[in-house]
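**Student:** Here is a sequence with its predicted model. Questions after.
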Amino acid sequence: MARYELVKRSVALITLTNPPVNASSSAVRHAIAKSMKCALSDPEVTAVVICGENGSFCGGADIREFAGPLKGPPLVPLLDAIEAGEKPVVAAIEGVALGGGFELALVCHYRIAHSKARLGFPEVTLGILPAAGGTQRLLRLIGIPAAAISLKLGIVDQVTEQNACEVAVEFALRAVAKPLLSRRVSMLTTRCPPDLDALLDAVTMQVKKKAPGVMAPLACIQAVRAAATMPYYKGIKREGELMATLFNSGQAWALQYCFFAQRTAGKWTLIRSAAVIGLGTMGRGIAVCLARVGISVIAVESEKKLLETGRQMVIGMLERDAKRRGVSASLNLFKFTLSLHDLKDVDLVIEVVFEDMALKKRVFQELSKVCRPATLLCTNTSGLDVDALAGVTDRPHLVVGMHFFSPAHVMKLLEVVCGPRSSSETIATAMSLGKRMGKVSVAVGNCPGFVRNRMLKPYIDQATFLLEEGATPEQIDKALEDFGFAMGVFRMSDLAGLDVGWRVRKESGLNGSDVDPESPPRRRQGRRYCLIPDMVCEQGRFGQKTGGGWYMYDKRGGTNAKPDPLIQNLLETYRSKYGIQPRNISNQEIVERCLFALANEGFGILEDGMAARPEDIDVIYLFGYGFPRHRGGPMFYASMVGLERVLKRLEHYHQAHPDVPHLKPSPLLKTLVACGIPPVQKWREHIKTMHSHL
Ligand SMILES: CCCCCCC/C=C/C(=O)SCCNC(=O)CCNC(=O)[C@H](O)C(C)(C)COP(=O)(O)OP(=O)(O)OC[C@H]1O[C@@H](n2cnc3c(N)ncnc32)[C@H](O)[C@@H]1OP(=O)(O)O
């Protein structure tokens, strides 16, 4: 609910994390109190910055909590303590600072606001008034007659076009040595016009005329009078009394009801009930995502034991999730069953069974028989042909891919895979369901691997070829981590599990009994093939979950990756077996080969019409693979490097490795270079084939 971290060695950064608007729920207030205590007691900390996650400072008190008894730390003492603290506190305001959020900003000693930030007290629209000192502090800060923009008024100390949080941290460092007394807004005296009574009487008349019978605006005027005529400690008492009257009035209840009713009315949806078939890791995560947004879920397994395990895991996840979000777990939305017949009335089914086409086809045939004709049938396949599944149903237009990423209740990306027969309504429903589930949904075409996994193949291939040529997993990971990835390709693969790729390679005849015995060494299906990943899996090393993969871990499920002499040994034996002379490989070569191959596949995807635009690919990589955000995504990165350079380097590497088709520059890349390198946003204009739905 709030993240606490030390930045620049001495600034405590407190980030409110309560989506969508970082409302100051009881859990958030608790987290702020705890973080402030830490910051004020830590001698290393000289200043504090408070900001909100995802571009929103704080949307105010959590209005949903108004209906129940007050939980968690009360706001007023919490805010007073921040203001009274002996270390400078700077509010970094992006998005909104409304109601209690604005009050939080007002107790900070300095306020840095983004130029697009919105600050204000909308409480009156909810039938109440700003009752955590807001009426008293704001007027002390700007005086009674004020009515202009924030900087001019002195509400904020600096307006910025840049990242407000970064600016606030620098500001906080400069504020360390300065006295705080004059920065405590509650200590200031309200500037009043000489004709205060006349002014307030006139405003009262206006309000009565404009909003006859409405209590909150009149209470606000009384609070203003208190700010003008009383010392702070009396003013805030008056503010509290006024709030108490309003808070329990039918007007406040009605206005708060209207706030939520207006938002609920917009939530018309086709999907009220869903089924998830398969309660493995993915299925469980998807089921939790659905229940989180109030959709009732029928969870299906094929065997009693699997169903029971799945049930226990789902309940545990729901309870932990609810605790974290400070809400009650929606267990009542779940039904667990062994029978597909129970799905006859659901609005949508998501199939999450084993990645086996024959099995999936059997499930889709069965669903066709048992589900009502309007039920949408979705598959979570990570790369199989969605249209082949549509083809076995009685409703191909209602079949679509919903490709979640593991862990599904955490990862933001959702690829909505549009088959050639998926109807526009089906795609739109899947996209909007994804949005409702808090996912970043991207529509993609139906090609093997779709977008993320299709692009991942050349990226991982390059990394394994580099191993053959002389690099180590640690060296390659380090180069990619220095580039900005949180994890290099091998550490990431260990986390995801190596067995899935191994199975896919077997199924596609690249490994195992289907391999053509005539194929030359290290070549499969006419191109270069690295056997090392298969050899690692053959040793039962599937990554973190088995305690070993490309690295070794202290235990099964361990996360602390250490270089493994066994892998080093395997590489040396492999190179000598195939007569490969290891060479020194530069970090530049590692980054270029991995990332240019990745982007090159992206160009191919655009050319095939499997993604609508480069921005979609970048979003997929930002949210589905942790591509460093400050690099913009693989396509934007390519444009920053310069397409001409990317083309030249790919030509160079392809010449050196002619048996690696992924290094051959894509025709679209060549076209873009030939036609003067347009900006990313204009690439779409040069794509000839476009998927009909994208
Ligand atoms: C001694 C006791 C002292 C108590 C003192 C208490 C004093 C403080 C009082 C307050 O702070 S009252 C709250 C003041 N704040 C507001 O009135 C802001 C209300 N919200 C908005 O105006 C808008 O939501 C927004 C922040 C401008 C964002 O607008 P946008 O159009 O982007 O999104 P919405 O659809 O409106 O909202 C998204 C989502 O968020 C929910 N939500 C928004 N604000 C709150 C909130 N303050 N509390 C709880 N929930 C909030 C909103 O309902 C939507 O939810 P869903 O519909 O998606 O579920």
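**Tutor:** Looks like it came in fine.

**Student:** Mind giving me the packing neighbours of the helix or strand hosting Cys51?
**Tutor:** Assessed by DSSP states H and E, Cys51 sits inside strand 47-52. Contacts defined by 3 or more CB pairs under 8 Å, 6 or more residues apart in numbering; DSSP states H and E place strand 47-52 against strand 11-16, helix 26-41, strand 89-93, helix 164-175. All C-beta spots, glycine's among them, are computed from the backbone N, C-alpha and C.

**Student:** Go through the ones you listed and pick out the most buried.
**Tutor:** Compared across those, strand 89-93 shows the largest average neighbour count, a mean of 30 (mean count of other CB atoms under 10 Å).

**Student:** so it versus helix 164-175, what angle?
**Tutor:** 160 degrees (axes from the mean of the first three to the mean of the last three CA atoms, to 10 degrees).

**Student:** what is the orientation angle of strand 89-93 with strand 47-52?
**Tutor:** 30 degrees.

**Student:** Provide the strand pairings for strand 89-93, with the direction of each partner.
**Tutor:** Paired with strand 89-93 in the same sheet, following DSSP bridges, are strand 47-52 (parallel), strand 110-114 (parallel).

**Student:** Pull up the gap between the residue of the stretch 451-600 of the chain found nearest the ligand and Met492, please.
**Tutor:** Closest approach between the stretch 451-600 of the chain and the ligand, counting by CB to the nearest ligand atom: Arg452, at 27.2 Å. Distance of Arg452 to Met492, given as CB to CB, to the nearest Å: 13 Å.

**Student:** what is in contact with these two at once?
**Tutor:** Tyr625 (CB atoms under 8 Å, 6 or more residues apart in numbering).

**Student:** before we move on, back to that, buried ones in the strand holding Cys51?
**Tutor:** Buried residues in strand 47-52, defined by neighbour count with 16 or more other CB atoms under 10 Å: Ala47, Val48, Val49, Ile50, Cys51, Gly52.

**Student:** Can you get me a residue count around the one residue in the stretch 351-500 of the chain that gets nearest to the ligand?
**Tutor:** Residue nearest to the ligand within the stretch 351-500 of the chain: Arg436 (8.7 Å; CB to the nearest ligand atom). Arg436: 18 surrounding residues under other CB atoms under 10 Å.

**Student:** Could you find the closest non-adjacent residue to it?
**Tutor:** Nearest non-adjacent residue to Arg436, counting by CB to CB, 6 or more residues apart in numbering: Val293, 5.2 Å away.

**Student:** was I right about the one you found contacting Gly434?
**Tutor:** No. Contact criterion CB atoms under 8 Å: Val293 and Gly434 do not qualify, at 10.6 Å.

**Student:** Between the two, which is the more surrounded one?
**Tutor:** Using other CB under 10 Å as the criterion, Val293 and Gly434 rank with Gly434 on top: 22 against 16.

**Student:** next SSE after the helix or strand where the more buried one lies?
**Tutor:** With elements taken from DSSP H and E, the one containing Gly434 is helix 424-436. Using DSSP H and E, the helix or strand that directly follows helix 424-436 along the chain is strand 440-445.
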